[in-house]
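Participant: Turn this into a model:
(4 chains)
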2 protein chains.
Amino acid sequence: MKSFNMKDTEVKFPEPGKGWDLETDEDGRLFMRRMRDMLAPLSTDTSALEALSALRIAGRSLHLLQERWGAKHDLSEGRMGVLFRLSRCGDMPLGELADDLDMTPRNVTGLVDHLEKDGLVTRVPDREDRRSVRASLTEAGRARINSIWKVGMEHQLELVKGMTKEDLAHLRHLCLLLVENARKELGK
Amino acid sequence: MKSFNMKDTEVKFPEPGKGWDLETDEDGRLFMRRMRDMLAPLSTDTSALEALSALRIAGRSLHLLQERWGAKHDLSEGRMGVLFRLSRCGDMPLGELADDLDMTPRNVTGLVDHLEKDGLVTRVPDREDRRSVRASLTEAGRARINSIWKVGMEHQLELVKGMTKEDLAHLRHLCLLLVENARKELGK
DNA sequence: TAGGAATAATGAAGTCCTTCAATATGAAAG
DNA sequence: CTTTCATATTGAAGGACTTCATTATTCCTA
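Facilitator: All right, here's what the predicted structure looks like:
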């Protein structure tokens, strides 16, 4: 029992809160009460809307975590993407980077500018196509990425705690199915 | 066989392309070849990495579609979010909007400024807390949201084509599980 | 070889969002 | 009643992207 007026045990958590209430349905699955209530009047079947909303929020969380974590190492999400690609695939023309990372060429130029300024990447001419410029990890760049990717992976594993491999495969499949459908929509 | 040098039937699709190859594994599930190849040397079990990557891309696609579709109606994603919330929940203090939409108060002020300038929303004083300001849909705002939400929903249904209700419930659950895990991480 | 396509770089402008700091007002609790 | 807290607003600054237009190379091919 609470002593008089001590703010009722409300210790004010990190920042959970207001309408961010996760509950569990009769099948043991998480859902958001407020979301469901809000969507219910719109459709007899809210499963699609709820799933897509959850996906949006999850994507957002992922993005936030990535940014926040990268910031600790003086890297933005985009710069990390470039570094990681280069470390996995070796030298690459900027254009190819833009395609792989699904970014504007203009943006890749900027990212590589920045990384070059930081000494993590250099531009090297492409011998086979002299229009082309390849981004290449410097020693410092390789050291940087090597020093962090492992921890990054562990963070990712934290995020999927409670999911089986089956779950993960299914999640992957559904997300990619959505990506496929989205592409049709994007192609008008 | 091809006739001489007619660019090999490559008609250049809308913009599919380069490394954006979706393939189907032995279980009939989609995966990205290049992604898997890239991740394989890092870990004996790439399922988590692949799933999270897929999720990121799906989230990105969703975001792009939303932006693009909103632009047709002169609305950004954020402004649509505000309008939609208001239409579902009625008047709301700006602070509550910020919480629900998971945005900075500064940003909500800006969005409401913009929507007010466009005549879709007005600010009304809150009778019970005179510090508070409530955003309220104007007639024009209600008309605008009413004229588009239905089509928006149909778009969403396109995106989940090929998914069963079970799939959707599972997808929702996994995404929210991830959100829950992410919150722990975000709370350091 | 001449003309058109591809590869980058660059600068200007603009969007959406964030953080931080300052201010004005009203609510709440001692 | 006075101090503290909550609610909005505002301005400055900046990050990460986008689009668009322009330029310089280099490649490819008719």
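Participant: and A:Gly141, what element?
Facilitator: helix A:139-159 (DSSP states H and E).
Participant: Show the subsequent helix or strand relative to that helix.
Facilitator: helix A:165-186.
Participant: and that following helix, anywhere near chain B?
Facilitator: Yes: judged by Cβ under 8 Å from any Cβ of the partner chain, helix A:165-186 comes into contact with chain B through A:165, A:167-186. All C-beta atoms are positioned from the backbone trio N, CA, C, and that covers glycine.
Participant: In PyMOL, how would I select the buried members of the residues you listed?
Facilitator: To isolate the buried ones among the residues of helix A:165-186 next to chain B in PyMOL, judged by 16 or more other Cβ atoms under 10 Å in any protein chain shown, type:
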select buried, chain A and resi 167+168+169+170+171+172+173+174+175+176+177+178+179+180+181+182+183
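Participant: just the helices in chain A please.
Facilitator: A:33-39, A:47-71, A:77-89, A:94-101, A:105-117, A:139-159, A:165-186 (DSSP state H).
Participant: Next, count neighbours for A:Leu64.
Facilitator: A count of nearby residues for A:Leu64, using other Cβ atoms under 10 Å in any protein chain shown, gives 15.
Participant: mind checking how far it is from DNA strand C?
Facilitator: From A:Leu64 across to DNA strand C, the span is 9 Å (Cβ to the nearest atom of the strand, to the nearest Å).
Participant: That residue contacts B:Leu186, doesn't it?
Facilitator: Yes: between A:Leu64 and B:Leu186 there is a contact under Cβ atoms under 8 Å: 6.8 Å.
Participant: Enumerate the residues of chain A near DNA strand D.
Facilitator: The interface of chain A toward DNA strand D, taken as Cβ under 7 Å from any atom of the strand, is made up of A:76-79, A:103-104, A:106-107, A:110-111, A:114, A:129-131.
Participant: what about 6 Å?
Facilitator: A:Ser76, A:Glu77, A:Gly78, A:Met103, A:Thr104, A:Arg106, A:Asn107, A:Leu111, A:Asp129, A:Arg130, A:Arg131 (Cβ under 6 Å from any atom of the strand).
Participant: burial of the first one, as a residue count?
Facilitator: Burial of A:Ser76 is recorded as 14 neighbouring residues (other Cβ under 10 Å).
Participant: so what's it up against?
Facilitator: A:Glu67, A:Gly70 (Cβ atoms under 8 Å, 6 or more residues apart in numbering or on different chains).
Participant: so how far is B:Gly162 from it?
Facilitator: Distance, A:Ser76 to B:Gly162, by Cβ to Cβ, to the nearest Å: 35 Å.
Participant: So what pairs up with the residue nearest to A:Leu176 when sequence neighbours are not counted in the strands?
Facilitator: Spatially, and ignoring its direct neighbours in sequence, A:Leu176 is nearest to B:Leu30 (3.8 Å; Cβ to Cβ, 6 or more residues apart in numbering or on different chains). Note on B:Leu30: beta-bridge partners B:Thr24, judged by DSSP bridges.
Participant: count of neighbours near B:Leu30?
Facilitator: Residues lying near B:Leu30 (other Cβ under 10 Å) number 19.
Participant: Would you confirm that it contacts A:Leu171?
Facilitator: No: look at B:Leu30 against A:Leu171 with Cβ under 8 Å: they stay out of range, at 11.2 Å.
Participant: residues near the nearest residue to A:Gly78 once chain neighbours are set aside, how many?
Facilitator: For A:Gly78, ignoring the flanking residues on the chain, the nearest one in space by Cβ to Cβ, 6+ apart is A:Leu111 at 5.1 Å. By other Cβ under 10 Å, the residues close to A:Leu111 number 24.
Participant: A:Leu111 and A:Val82 touch, don't they?
Facilitator: Yes: with contact defined as Cβ under 8 Å, A:Leu111 reaches A:Val82; the gap is 5.3 Å.
Participant: Just the residues contacting stretch A:150-165, thanks.
Facilitator: A:62, A:65, A:69, A:167-168, A:171, B:42-43, B:45, B:47-49, B:51-52, B:174, B:177-178, B:181-182, B:184-185.
Participant: let's see 10 Å
Facilitator: With contact meaning Cβ atoms under 10 Å, 6 or more residues apart in numbering or on different chains, stretch A:150-165 is reached by A:58, A:61-62, A:65-66, A:69-70, A:72-73, A:80, A:84, A:145, A:167-171, B:39, B:42-43, B:45, B:47-49, B:51-53, B:55, B:173-174, B:177-182, B:184-185.
Participant: mind checking how far it is from the chain centre?
Facilitator: How far stretch A:150-165 lies from its chain's middle: 13 Å, per Cα atoms, centre = their mean, to the nearest Å.
Participant: Same check on stretch A:176-186?
Facilitator: The answer for stretch A:176-186 is 18 Å, by Cα atoms, centre = their mean.
Participant: which residues does the residue in chain A positioned nearest to chain B contact?
Facilitator: Relative to chain B, the nearest point of chain A is A:Gly59 (2.0 Å; Cβ to the nearest Cβ). Contacts for A:Gly59 (Cβ under 10 Å, 6+ apart) come out as A:175, B:55-63, B:175, B:178-179.
Participant: Tell me if stretch A:120-128 is near chain B.
Facilitator: No: against chain B, stretch A:120-128 shows no contacts by Cβ under 10 Å from any Cβ of the partner chain, the least distance being 16.7 Å.
Participant: Report the rounded mean pLDDT for that stretch.
Facilitator: Across stretch A:120-128, the average pLDDT comes to 95.
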